[in-house]
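*Asks:* sharing a model that was predicted from the sequence below.
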Amino acid sequence: MLEKVKLPLFLAAASAQVLGIIFLFIYIPLSIAFFIAYGVLLFALLVVFIKQRMQEKKEDDNNDYRDY
């Protein structure tokens, strides 16, 4: 499930960053809103990466045969 969430979050974060830079020269308040959205999306992406890593670690722990 997390695989389906990563790509849209990444694309939205990249788009928010590019739009923030473009609107920095056009309309500053909207640019600030895009940069805030970029920060929120990056945080959400970080949470998704951490959850995925925890799931992978849990799977690795369940399939750990080093004791034998």
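*Replies:* Alright, I've got the coordinates. Just so it is clear, the model here is predicted, and its values are computed rather than measured.

*Asks:* quick check: G20 touching P29?
*Replies:* No. Counting by C-beta atoms under 8 Å, G20 stays clear of P29, with 11.5 Å between them. (Glycine included, C-beta is placed from N, CA and C.)

*Asks:* okay, R53 and V5: tell me how far apart.
*Replies:* Per C-beta to C-beta, to the nearest Å, R53 is found 14 Å from V5.

*Asks:* these two: who's more crowded?
*Replies:* Counted by other C-beta atoms under 10 Å, R53 and V5 do not tie: V5 has more neighbours, with 15 against 10.

*Asks:* nearest residue to that one other than its sequence neighbours?
*Replies:* Spatial nearest neighbour of V5, excluding adjacent residues (C-beta to C-beta, 6 or more residues apart in numbering): V48 at 5.6 Å.

*Asks:* does that neighbour touch L7 like I think?
*Replies:* No. V48 sits out of contact with L7 when judged by C-beta under 8 Å, with a separation of 10.5 Å.

*Asks:* which one's more surrounded, those two?
*Replies:* The neighbour comparison of V48 against L7 (other C-beta under 10 Å) goes to V48, with 17 against 9.
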